[in-house]
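Q: Please find the sequence and the predicted model below.
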Amino acid sequence: MALSDLGNVLLGFAAIAAIASIGSIAVGRKAEDGGVLNRFGHYMTYAVLGFVTLATLALATAFLGENFTLEYVAFNHPNVVGPWAWLYRLSGVWAGREGSLLFWEWVLALYAGFVAYKFRKGDDTLGSTGLALVNFVQVFFLVALFIPQNNPFKPIDPSFLDPTTGALLINAAMNPLLQNPWMISHPPTLFIGYAGLTIPFAFALAALITGDTSKRWVQATDRITVFSWLLLGIGIGLGSVWAYVELAFGGYWAWDPVENASLLPWLTGVGLVHSMTVYRRREGFRSWTIFLAVLTFVLVLLGTFITRSGVVQSVHAFQEDMLSFWLFITMMVGSMAAGLIGIYLRRGRLGGSETFDRLMSKEGSYYVNNVIMTMAALLVAYLTMTSAFKEWPLAWLTSWWPGAGRIFGAATYDALARPIGIAYILVMTVCPILSWGGSEFGQFWKRAKWPVAGAAVFGAGLLGIWWTSMLPYYQQTAESMAPVVNHTLAVIGLLTAALAVALPVYLFVDGARRRASARGESFGSALGWIFLKARTQSGGYLVHLGMGIILIGLIGSTMYVSSYDGTIAMEQGATFAAGPYTYEFSGYEEVTEPNGDEVLTLSLDVLRDGAVVDTLTPQLRFPLQLREQNQTTQKVAIVEQPLKDIFVSFSGITQEGTAYITIKYFPMQWWVWFGFVALIVGSGLASWPKKSRLKAA
């Protein structure tokens, strides 16, 4: 059997098994001996996992063996040689439109298999119903894989292959920009996050269907939800690193539609994680939690819709596909309708759980958190989609909406995101020292005074850094805010970040001190216990700490960037001045790499006050597969310092023999990455599995 036929047969069997699982669980709910049928549904879920795993392995084998009989392999195999070439070949599985959808479905099948095992006895109505809904989503993805534009097992046109050797007769390969170590890990982590957010959605609907609106569905899914949100965040972060080192535009976030697509469910995921805490601990925010579980899943689908339908223009998006357009929009509308109708019909079981007595309470801060994150996500989604409102097939419905047909640039997003982000960080920061139900201001101040004192000291230091290491690099541009607005926001943001850092540090120290005093332990042992045993608490503190550090980095690296474009003569001793540094030409090299790529490397000495700080070697590359189109890529060179990054790119050579270069300064860039690591470690601690608390109904 041809590999193309084998892959499609395996996907077909997987779809049949998923439908069988849904049917058996649905019938089992009404049957006297429903446990047998439910268990059969669980076994069919394992079958789906088996078939999809075999299909994914078949595609991976095709890439590793460079089997070009599949069109997807031919157009997405990397042009890389060396000991790590196999890893780049393997990354081809998720590098393109068709393979990434299959990989996503495989990850979803793994989650479904885990759910099936967790409720393997088949006697839990909530668990079986949730599993059936997960399998319904699997059917949706499996059907999408049979759309020609999404099918990774589509055979290649025989005329493209040498009939004797099977070698490609056309110049086709993976986009050179994707042949980067960060792109090996960026898409898989995103897809693990995307797929995992199906589970809280499915169990939220299961709670509505079964009428079991207790905290059981939250207990069953809260760790998966935090884990999925964590992996989605890692994926976004890795994508930012890739953009920073590979795309040469000088930055790590450009508010591109596909970038926004991954951010949307992360934003509502923040609200979902916090709402689950209230649901689990206080039986509150029931409607909020179910709504956010549904909305987060819908925004995952919207992200896929933006990427795959072609209705929104982006350098990252795939070509237009109307079948995918209608399939994904139907699933989005259907999912949201199911959630809203279910909440309305079960309002008697959910009502009264959204109220709280005081805004200055944990419940109040969580409520504000939900409102901010939901509105931010919906606003970003709306601004992202406006360009399509007059073009897509639903223009009759959306062409009159505000902003229809307009493309909003980064300046618009920044103007909205900066004040909203600072306000959110402030709310997030205060939350840990608020009480359930609220308390008098005196009690609150007793907990807040030492963190505020620490924040005052740290904030003074940050303002000193702002004055000496950010303000000198400020450049006013046509797109940037008025200087007084920019600087005011920066100062407020830095003071907010100081509190966001100082408060979790205080909580760690105070918690360890109290435990050591009460139990006669050393301070180090007590602190270690908090980190390793009270993981939900310590993980939350680290997340807040990381967000504060990231805010510091964002203020410097987005609001105080300076850029210099120009040319430098390619002769020894020639210089180019940019800000406080001078760049001196020290060498030039042209080589052809083993894979056929031509690489031009420029060497520049970085000098300050006459002393050499570092030597940078930016590259201009002519990839083999793009040579006929005369397209190039760039490899930037970066000097990383604690308070600033120096970023240099090389984009071409003039007829006069001078090199085009761009030099940018990114204050506090290192703090963005450090804060990202702290956020990931904290999320990982918070999502670390605990002994199951779920009891079967």
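A: Yes, it's here.
Q: From Pro667, how far off is the residue lying closest to Ser469 once chain neighbours are set aside?
A: Leaving aside its sequence neighbours, Ser469 sits nearest to Leu643 (Cβ to Cβ, 6 or more residues apart in numbering; 4.4 Å). Glycine gets a C-beta too; all of them are placed from N, C-alpha and C. The spacing between Leu643 and Pro667, counted by Cβ to Cβ, to the nearest Å, is 6 Å.
Q: can I assume Ala109 is in contact with Val48?
A: Yes: between Ala109 and Val48 there is a contact under Cβ atoms under 8 Å: 5.5 Å.
Q: Quick check: neighbours shared by those two?
A: Common neighbours of Ala109 and Val48, counting by Cβ atoms under 8 Å, 6 or more residues apart in numbering, are 14, 138.
Q: and Val457, how many residues sit next to it?
A: 11 (other Cβ atoms under 10 Å).
Q: Met373 looks like it's in a helix, true?
A: Yes: applying DSSP: H, G, I helix; E, B strand; the rest coil, one finds Met373 inside a helix.
Q: Got phi/psi on the nearest residue to it once chain neighbours are set aside?
A: Residue nearest to Met373 in three dimensions, not counting chain neighbours: Gly271, with 4.1 Å by Cβ to Cβ, 6+ apart. Main-chain torsions, Gly271, degrees, to the nearest 10: phi -60, psi -40.
Q: What's the local residue count around Gly271?
A: Gly271: 26 surrounding residues under other Cβ under 10 Å.
Q: swap in Glu259?
A: Glu259 has 19 neighbouring residues, counting by other Cβ under 10 Å.
Q: just the one 10 residues further on next, same as before
A: Taking other Cβ under 10 Å as the criterion, the count of residues near Gly269 is 29.
Q: Name the next helix or strand downstream of the host helix or strand of it, please.
A: Taking DSSP states H and E as the criterion, the element that holds Gly269 is helix 257-282. Scanning forward in sequence from helix 257-282 by DSSP H and E, the next helix or strand is helix 286-309.
Q: so Trp253 makes contact with Trp242?
A: No: using Cβ under 8 Å, Trp253 is not in contact with Trp242; the gap is 11.4 Å.
Q: Tell me who's in contact with the residue nearest to Ser469.
A: 465, 469, 667-668, 670.
Q: Check Pro78 too.
A: Under the criterion of Cβ under 8 Å, 6+ apart, the contact list for Pro78 reads 85, 88-89, 91-92, 95, 173-174, 178-179.
Q: can the residues you listed go into a markdown table with extra columns for secondary structure, pLDDT and neighbour count?
A: Shown next, in a markdown table, are the contacts of Pro78 (DSSP: H, G, I helix; E, B strand; the rest coil; pLDDT from 0 to 100; neighbours: other Cβ atoms under 10 Å):
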| residue | secondary structure | pLDDT | neighbour count |
| --- | --- | --- | --- |
| Ala85 | helix | 92 | 14 |
| Tyr88 | helix | 93 | 23 |
| Arg89 | helix | 94 | 22 |
| Ser91 | helix | 94 | 25 |
| Gly92 | helix | 94 | 25 |
| Ala95 | helix | 89 | 26 |
| Ala173 | coil | 86 | 21 |
| Met174 | coil | 88 | 23 |
| Leu178 | helix | 87 | 21 |
| Gln179 | coil | 88 | 22 |
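Q: Go ahead and confirm the residue nearest to Met373 touches Ser365.
A: No: with contact defined as Cβ under 8 Å, Gly271 does not count as touching Ser365 (11.8 Å).
Q: Distance of Pro257 relative to Glu71?
A: Distance from Pro257 to Glu71, counting by Cβ to Cβ: 26 Å.
Q: Looking at the two, which is more packed in?
A: Taking neighbours as other Cβ under 10 Å, Pro257 and Glu71 compare with Pro257 leading, 22 against 19.
Q: Which pLDDT value belongs to the more buried one?
A: Per-residue pLDDT puts Pro257 at 86.
Q: hang on, isn't it packed against Ile306?
A: Yes: counting by Cβ under 8 Å, Pro257 touches Ile306, with 5.4 Å between them.
Q: for the residue most central in space within the chain, phi and psi?
A: Nearest to the mean C-alpha position of the chain, counting by Cα atoms, centre = their mean, stands Ile236 at 3.2 Å. Backbone dihedrals for Ile236, given as degrees, to the nearest 10, come out at phi -60, psi -40.
Q: what residue ranges in the stretch 351-500 of the chain score low on pLDDT?
A: 352-357, 392-394 (pLDDT under 70).
Q: Okay, strands next: where are they in it?
A: Taking DSSP state E, counting those that start in this stretch, the stretch 351-500 of the chain contains no strands at all.
Q: Report the buried residues of stretch 623-642.
A: 623-626, 632-639 (16 or more other Cβ atoms under 10 Å).
Q: At which residues are the helices of the stretch 551-697 of the chain located?
A: For the stretch 551-697 of the chain, the helices defined by DSSP state H, counting those that start in this stretch occupy 669-687.
Q: So which residues of it form strands?
A: 562-569, 575-578, 581-592, 598-608, 611-616, 619-622, 633-635, 637-641, 644-653, 658-667.
Q: Could you single out the most deeply buried of the ones you listed?
A: Counting by mean count of other Cβ atoms under 10 Å, strand 658-667 has the highest mean neighbour count of the strands of the stretch 551-697 of the chain, with a mean of 23.
Q: from the middle of its chain, how far away would that one be?
A: 29 Å (Cα atoms, centre = their mean, to the nearest Å).
Q: quick one, that strand and strand 611-616 angle?
A: 110 degrees (axes from the mean of the first three to the mean of the last three Cα atoms, to 10 degrees).
Q: Which strands and helices lie in contact with strand 658-667?
A: helix 535-559, strand 562-569, strand 575-578, strand 581-592, strand 598-608, strand 644-653 (3 or more Cβ pairs under 8 Å, 6 or more residues apart in numbering; DSSP states H and E).
Q: May I see these arranged in a markdown table, with distance to Ser439 and mean pLDDT as well?
A: What follows is the helices and strands packed on strand 658-667, written out as a markdown table (distance: least, Cβ to Cβ, whole Å; pLDDT from 0 to 100):
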| stretch | distance to Ser439 | mean pLDDT |
| --- | --- | --- |
| helix 535-559 | 19 | 93 |
| strand 562-569 | 47 | 94 |
| strand 575-578 | 54 | 95 |
| strand 581-592 | 53 | 95 |
| strand 598-608 | 53 | 95 |
| strand 644-653 | 43 | 94 |
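Q: can you list these in CSV and add distance to Phe136?
A: Shown next, in CSV, are those (distance: least, Cβ to Cβ, whole Å):
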stretch, distance to Phe136
helix 535-559, 31
strand 562-569, 50
strand 575-578, 57
strand 581-592, 53
strand 598-608, 50
strand 644-653, 47
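Q: Out of these, which gets nearest to Asp212?
A: For the helices and strands packed on strand 658-667, the distance to Asp212 is smallest for helix 535-559, at 23.9 Å, taking Cβ to Cβ.
Q: Taking their axis directions, that closest one and strand 658-667 sit at what angle?
A: 130 degrees.
Q: what helices or strands is helix 535-559 leaning on?
A: helix 410-430, helix 483-519, helix 523-532, strand 658-667, helix 669-687.
Q: how close does Ile465 get to Tyr244?
A: From Ile465 across to Tyr244, the span is 21 Å (Cβ to Cβ).
Q: Counting neighbours, go ahead and name the busier of those two.
A: Shown here are Ile465 and Tyr244; by other Cβ under 10 Å, Tyr244 has more neighbours (24 against 18).
Q: Quick check: of the buried residues of stretch 623-642, which lies closest to Gly41?
A: Using Cβ to Cβ, the buried residues of stretch 623-642 come closest to Gly41 at Gln625, 46.7 Å.
Q: contacting residues around the residue found closest to that closest one once you drop the neighbours it is linked to in the chain?
A: Leaving out its chain neighbours, the residue that sits closest to Gln625 by Cβ to Cβ, 6+ apart is Ala173, at 4.3 Å. Going by Cβ under 8 Å, 6+ apart, Ala173 touches 75-79, 624-625.
Q: Quote the end-to-end distance of stretch 568-579.
A: End-to-end distance for stretch 568-579: 15 Å, by Cα to Cα, to the nearest Å.
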